[in-house]
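Colleague: no letters, just coordinates:
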């Protein structure tokens with residue numbers, strides 16, 4: 001199966017799922033759901049002049065944006081400083097760095113064009129979500145994309161016949177022992193799961209807490225299946241990042257006030273997951289241990305320190321501190337394939353200002369997640385915890401590897417999730433304002449009624465008779 005066959009096939013497949021499985025009725029919802037479902041998939045048209053891969057997901061994304069723009073009024077919620085300004089700054093600055101890069105087309109296609117698309121993902125989700133029911137289909141679209149991506153990865157891991165050229169064949173032959181998936185690199189697939197699985201885990205908690213046991217069970221099975229394919233990536237950064245994020249935020253659940261019911265549900269779900277995972281851990285535990293502590297020497301027969309990969313990045317940061325060398329251009333200055341540290345990689349390719357803009361976006365996302373976590377509504381609070389888990393996991397996993405930036409599919413999900421987070425906060429804040437407004441109206445009406453009763457009870461003085 002080549003790109004000419006796969007491109008229309010997956011396009012139709014994503015749209016059909018949006019209609020049949022998610023039961024979307026309006027065209028804008030169909031397009032947005034299909035865009036999110038197909039976001040993790042490779043495949044598209046390579047635009048050679050700017051070295052940009054126009055992918056399946058973008059067709060639906062642009063259509064959804066065009067249909068939604070100006071159609072629905074935005075609720076008042078300040079997103080400029082948390083998401084819009086830092087992303088626009090990244091687009092502007094990466095354009096400047098692209099102009100002075102050795103390969104300007106590679107730099108332009110790898111940063112300005114990518115961040116523009118990410119901003120479009122965010123803004124389209126933000127425009128689409130207006131009510132509580134709107135949030136649901138965003139998350140279901142996200143999980144449906146995870147299901148098909150994990151299912152394909154599982155099939156490819158067990159049946160090598162399905163290593164079709166459209167996905168990855170002969171490109172990373174040095175990593176033949178890892179499963180190929182819908183990403184060029186297994187590390188990227190692991191990082192994608194790192195971003196989505198915490199959101200799925202929180203949905204499981206919410207479903208069981210809301211007595212929606214059937215959907216909770218389906219989500220739990222998806223979590224377990226995806227967890228196995230996460231193991232199959234052998235991506236240590238994703239393992240450590242996801243585990244650390246889950247431990248930190250789950251720990252918060254046990255110390256959070258007024259979260260007694262949530263704690264009980266979390267304990268039950270974790271207990272079930274631990275029991276189900278006993279057999280796989282017995283079977284694959286030695287391989288996990290080997291990968292974590294001795295796997296590299298066993299597989300590659302070559303011991304290299306990760307610190308040695310960062311030497312070239314340090315040199316280019318000192319040589320080009322302001323503009324950097326341009327996105328994707330560090331390889332022209334390096335004796336090593338790439339730097340195994342996202343923060344050093346961004347400093348080397350974007351320069352110090354670009355790194356600051358990236359941290360600004362992460363800080364904005366952190367602020368929005370924290371707002372959601374503090375919400376008194378259990379749904380918003382749990383999802384805020386999921387967003388926080390995703391962010392913590394991403395920050396930790398990015399220290400030993402640059403997997404976030406290897407493919408467009410991975411980084412785009414950070415903006416999709418941010419769109420859901422900001423929209424959820426906006427809906428919650430609006431509901432609080434409506435509740436306060438109704439409470440004030442009730443108090444005012446009560447005062448008016450009391451005043452009317454007092455005036456009605458006062459009798460008029462009798463007329464004097466002459």
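Modeller: That came through fine. Every value quoted in this text rests on a predicted model; they were computed, and no experiment measured them.

Colleague: the helices in the stretch 151-300 of the chain, which residues?
Modeller: 186-209, 213-233, 236-255, 260-276, 278-289, 295-300 (DSSP state H, counting those that start in this stretch).

Colleague: that should have said the stretch 301-450 of the chain, apologies.
Modeller: Under DSSP H, counting those that start in this stretch, the stretch 301-450 of the chain gives helices at 306-309, 311-319, 342-373, 378-397, 408-457.

Colleague: which stretch among the helices of the stretch 151-300 of the chain comes nearest residue 108?
Modeller: For residue 108, the closest of the helices of the stretch 151-300 of the chain is helix 186-209, at 21.1 Å, according to C-beta to C-beta. Placement of C-beta: from N, CA and C, glycine included.

Colleague: ok so residue 25 is a strand residue?
Modeller: No. According to DSSP: H, G, I helix; E, B strand; the rest coil, residue 25 belongs to no strand; its state is coil.

Colleague: for it, give me the pLDDT.
Modeller: For residue 25, the pLDDT comes out at 82.

Colleague: give me the neighbour count for it.
Modeller: 7 (other C-beta atoms under 10 Å).

Colleague: for the chain, name the helix or strand with the lowest mean pLDDT.
Modeller: helix 295-300 (a mean of 48; mean pLDDT, DSSP states H and E).

Colleague: one step back: which of the helices of the stretch 151-300 of the chain sits closest to residue 417?
Modeller: Closest among those, using C-beta to C-beta: helix 186-209, at 6.5 Å.

Colleague: buried residues, the closest one. List them.
Modeller: By 16 or more other C-beta atoms under 10 Å, the buried positions in helix 186-209 come out as 186-209.

Colleague: for stretch 429-439, the distance to its chain's centre please.
Modeller: How far stretch 429-439 lies from its chain's middle: 29 Å, per C-alpha atoms, centre = their mean, to the nearest Å.

Colleague: just stretch 213-232 next, same as before
Modeller: 17 Å.

Colleague: again, but for stretch 21-40
Modeller: 17 Å.

Colleague: pick the most deeply packed of the helices of the stretch 151-300 of the chain.
Modeller: Ranked by mean neighbour count, the helices of the stretch 151-300 of the chain are led by helix 186-209 with a mean of 25 (mean count of other C-beta atoms under 10 Å).

Colleague: what angle separates that one from helix 213-233?
Modeller: 160 degrees (axes from the mean of the first three to the mean of the last three C-alpha atoms, to 10 degrees).

Colleague: low-confidence ranges in the stretch 1-150 of the chain?
Modeller: Residue ranges of the stretch 1-150 of the chain with pLDDT under 70: 1-7, 42-44, 71-78, 131-133.

Colleague: could you rerun that using 90?
Modeller: The stretch 1-150 of the chain contains residues with pLDDT under 90 at 1-29, 38-59, 68-84, 99-111, 113-114, 126-137, 148-150.

Colleague: hey, where'd the helices end up in it?
Modeller: Chain-ordered helices for the stretch 1-150 of the chain, with DSSP H, counting those that start in this stretch as the definition, fall at 3-20, 27-37, 56-68, 85-99, 104-110, 112-128, 132-158.

Colleague: tabulate these (JSON lines), appending mean neighbour count and distance to residue 385.
Modeller: Output for those, formatted as JSON lines (neighbours: other C-beta atoms under 10 Å; distance: least, C-beta to C-beta, whole Å):
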{"stretch": "helix 3-20", "mean neighbour count": "17", "distance to residue 385": "28"}
{"stretch": "helix 27-37", "mean neighbour count": "26", "distance to residue 385": "21"}
{"stretch": "helix 56-68", "mean neighbour count": "21", "distance to residue 385": "27"}
{"stretch": "helix 85-99", "mean neighbour count": "20", "distance to residue 385": "23"}
{"stretch": "helix 104-110", "mean neighbour count": "22", "distance to residue 385": "33"}
{"stretch": "helix 112-128", "mean neighbour count": "23", "distance to residue 385": "20"}
{"stretch": "helix 132-158", "mean neighbour count": "20", "distance to residue 385": "14"}
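
Colleague: quick one, which of these gets closest to residue 281.
Modeller: helix 132-158 (17.6 Å).

Colleague: could you give the angle of that closest one to helix 3-20?
Modeller: Going by the same axes, to 10 degrees, helix 132-158 makes 140 degrees with helix 3-20.

Colleague: which other helices and strands contact helix 132-158?
Modeller: With contacts taken as 3 or more C-beta pairs under 8 Å, 6 or more residues apart in numbering; DSSP states H and E, helix 132-158 sits against helix 3-20, helix 27-37, helix 112-128, helix 186-209, helix 213-233, helix 408-457.

Colleague: including distance to residue 367, could the ones you listed go into CSV?
Modeller: As requested, these are exported to CSV (distance: least, C-beta to C-beta, whole Å):
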stretch, distance to residue 367
helix 3-20, 32
helix 27-37, 24
helix 112-128, 15
helix 186-209, 18
helix 213-233, 28
helix 408-457, 10
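
Colleague: closest to residue 392 out of the ones you listed?
Modeller: helix 186-209 (8.7 Å).

Colleague: distance from that closest one to the middle of the chain?
Modeller: Centre to centre, stretch against its chain (C-alpha atoms, centre = their mean), the figure for helix 186-209 is 9 Å.

Colleague: then stretch 221-234?
Modeller: Per C-alpha atoms, centre = their mean, the centroid offset for stretch 221-234 relative to its chain is 17 Å.

Colleague: residues in contact with it?
Modeller: 143, 146-147, 150-151, 153-154, 157, 177-179, 181, 186-187, 189-190, 193-194, 196-197, 200-201, 204, 238-239, 242, 273, 276-277, 280, 284, 288, 291, 295 (C-beta atoms under 8 Å, 6 or more residues apart in numbering).

Colleague: make it 7 Å
Modeller: The contact list for stretch 221-234 (C-beta atoms under 7 Å, 6 or more residues apart in numbering) reads 143, 146-147, 150, 153-154, 157, 178-179, 186-187, 189-190, 193, 197, 200-201, 204, 238, 276, 280, 284, 288, 291.

Colleague: repeat that for stretch 347-361.
Modeller: 83, 86-87, 89-90, 93-94, 97, 313, 316-317, 320-327, 329-330, 339, 346.

Colleague: follow-up on the earlier one: reformat the helices of the stretch 1-150 of the chain as CSV; add distance to residue 360.
Modeller: Output for those, formatted as CSV (distance: least, C-beta to C-beta, whole Å):
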stretch, distance to residue 360
helix 3-20, 33
helix 27-37, 25
helix 56-68, 24
helix 85-99, 4
helix 104-110, 20
helix 112-128, 13
helix 132-158, 25
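
Colleague: tell me which of the ones you listed lies nearest to residue 266.
Modeller: helix 132-158 (18.5 Å).

Colleague: what's the closest of the helices and strands packed on helix 132-158 to residue 65?
Modeller: helix 112-128 (4.7 Å).

Colleague: the closest one vs helix 27-37, what angle?
Modeller: Using the same axes, to 10 degrees: helix 112-128 against helix 27-37 is 130 degrees.
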